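**Q** here is the input, now give the coordinates:
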Amino acid sequence: MAHETFQGRHAGTRRLLRYFRTDHLPPTLAARVAPVGAFAHQMAQAFTDSAELTVALRKLLETQDAFLRAAVAEEVDADEVPPPTPGRED
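**A** This is a model prediction of the structure:
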């Protein structure tokens, strides 16, 4: 995601937007949560700094975190080997 400059914006807005970075994530996870960050940046550009914008960005951050946990859980579940069926030898 291109990093827009939000110079001149409230420090709280800038601080929250940095948490939407995905370059530290594995590519598979980054691709799944990047749309939330893109939307957060789009909304930050569309609105002026305010308490409500901060609340909205925090809620989007919570949303991104939840999607990230869901994606990690799916990857972990896919890697797990199912337990053996009792009474059956493979």
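
**Q** longest helix of this structure?
**A** For the chain, the longest helix by residue count, based on DSSP state H, is helix 51-79.

**Q** how distant is that helix from the center of its chain?
**A** Here the centre of helix 51-79 is set off from its chain's centre by 5 Å, with Cα atoms, centre = their mean, to the nearest Å.

**Q** what mean pLDDT does that helix get?
**A** This predicted structure assigns helix 51-79 an average pLDDT of 95.

**Q** elements contacting it?
**A** helix 11-18, helix 27-46 (3 or more Cβ pairs under 8 Å, 6 or more residues apart in numbering; DSSP states H and E). Every residue, glycine included, has its C-beta placed from N, CA and C.

**Q** mind listing what's buried in that helix?
**A** For helix 51-79, the neighbour count (16 or more other Cβ atoms under 10 Å) marks 53, 56, 57, 60, 61, 64, 68, 71 as buried.

**Q** now, which of those sits nearest residue 29?
**A** Distance from residue 29 was checked for each of these by Cβ to Cβ. The minimum falls on residue 71, at 5.3 Å.

**Q** thinking again about what came up before, now render the helices and strands packed on helix 51-79 as TSV, adding distance to residue 75, mean neighbour count and mean pLDDT.
**A** Compiled in TSV, the helices and strands packed on helix 51-79 are given as follows (distance: least, Cβ to Cβ, whole Å; neighbours: other Cβ atoms under 10 Å; pLDDT from 0 to 100):
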stretch	distance to residue 75	mean neighbour count	mean pLDDT
helix 11-18	25	14	96
helix 27-46	7	15	97
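
**Q** output those as TSV; include the columns distance to residue 5.
**A** Shown next, in TSV, are the helices and strands packed on helix 51-79 (distance: least, Cβ to Cβ, whole Å):
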stretch	distance to residue 5
helix 11-18	9
helix 27-46	11
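
**Q** for residue 80, find the nearest of the ones you listed.
**A** Within the helices and strands packed on helix 51-79, the stretch nearest residue 80 is helix 27-46; the backing value is 16.9 Å (Cβ to Cβ).
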